[in-house]
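Q: this one's sequence-less:
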């Protein structure tokens, strides 16, 4: 298959600035279309093989340009700390437990869904009369993946919901429920409910700030190493209590308030899961 492309070098500095791509590598293809026997001005024809080679030769420079636009947060330099503790009349140290910030309130957040099932996420306000009449909170979504790690997406107008569900049933082996709170909060723990014990092997992870690499303070495992859901009975509940709170500071650039619940399961298996994040918020 052939393409027509326009390289960044075809744009003047003023045009690049207007598009917000100043400094992009000169050979990087900024517009790509299938070849249909017409080659517009400033475009060139290129084969798919040459396209892959062009991108491979310029990928490192393009990644460096992107990194310069949005640098990763740098970990702060360590500061020596001397800890002192209050003591009782016998000189023994004692501790007091901090719950949350002043004027913040207890606010558990509940979300439930089924693995490999389209439109199964429930995350609504209390308004309306029917169960499905409440306004969607619009801060969570489901993603589905096949055994190759490719996301299985809905075909839009060209695919019915039933057709999409059939593809999930036939190929989905990983379901990810992503929730992002767009303000800072204190997290204390979580509760996990399992509606039905999985028939096949199934494991669950909960990862906080998944967009930030671990070495920069993100990708923290609230539930790491994989929780075996086959160990859970039908309609069982499991509590996770940290005994004290941890503040998660929201950052709109690095999405530090994002939490991903990852479930790997048998092909197409629908496991009902409800997770309640135990929070304090302002």
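A: Good, I have the coordinates. The structure displayed is predicted, hence computed values, not measured ones. Residues are numbered from 1 along each chain as shown.

Q: Can you report how many residues lie near residue 82?
A: Each residue near residue 82 was counted by other Cβ atoms under 10 Å, and the total is 4. (Glycine included, C-beta is placed from N, CA and C.)

Q: same thing with the one 10 residues further on?
A: A count of nearby residues for residue 92, using other Cβ under 10 Å, gives 9.

Q: Quick one, grab the pLDDT at it.
A: Looking at residue 92, its pLDDT reads 83.

Q: Residue 85 versus that one, what's the distance?
A: 9 Å (Cβ to Cβ, to the nearest Å).

Q: can I see the domain layout of this protein?
A: Listed domain ranges for the chain are 2-69, 105-281 (source: automatic domain parsing).

Q: Return the distance of residue 24 relative to residue 30.
A: In this view, residue 24 and residue 30 are 7 Å apart by Cβ to Cβ.

Q: which neighbours do the two share?
A: Jointly contacting residue 24 and residue 30 under the rule Cβ atoms under 8 Å, 6 or more residues apart in numbering are residue 8.

Q: between the two, which one's more packed in?
A: Per other Cβ under 10 Å, whichever of residue 24 and residue 30 has more neighbours is residue 24, with 21 against 16.

Q: ok, that one touching residue 65?
A: Yes. In this structure, residue 24 is within contact of residue 65 by Cβ atoms under 8 Å, at 5.6 Å.

Q: need the longest helix for the protein.
A: What stands out as the longest helix in the chain, according to DSSP state H, is helix 48-69.

Q: in its sheet, what does the helix or strand following it sit against?
A: Going down the chain from helix 48-69, the next helix or strand is strand 105-106, by DSSP states H and E. Counting by DSSP bridges, the strands paired with strand 105-106 are strand 272-281 (antiparallel).

Q: mean confidence score for the partner strand?
A: Averaging pLDDT along strand 272-281 gives 92.

Q: just stretch 219-232 next, same as before
A: 90.

Q: Give me the residues contacting it.
A: 187, 190, 192, 194, 197-198, 200-210, 212-214, 238, 240, 259, 263-265, 271.

Q: Flag every buried residue along stretch 261-278.
A: Residues of stretch 261-278 classed as buried by neighbour count (16 or more other Cβ atoms under 10 Å): 261-265, 268-273, 275-278.

Q: For those, work out which two are farthest apart.
A: Farthest-apart pair in the buried residues of stretch 261-278 is 268 and 278; separation 31.7 Å (Cβ to Cβ).

Q: Can you tell me the strand partners of the top strand by length along the chain and which way each runs?
A: Criterion DSSP state E: the longest strand present in the chain is strand 236-248. In the sheet, strand 236-248 lines up against strand 185-194 (antiparallel) (DSSP bridges).

Q: Paired strands for the helix or strand just after the partner strand, with orientation please.
A: Going down the chain from strand 185-194, the next helix or strand is strand 203-208, by DSSP H and E. Take DSSP bridges as the rule and strand 203-208 pairs in its sheet with strand 220-228 (antiparallel), strand 258-264 (antiparallel).

Q: I'd like the distance from strand 203-208 to the chain centre, please.
A: 11 Å (Cα atoms, centre = their mean, to the nearest Å).

Q: what's in contact with it?
A: 190, 192, 218-229, 248, 258-264, 273, 275.

Q: Many thanks, we can stop here.
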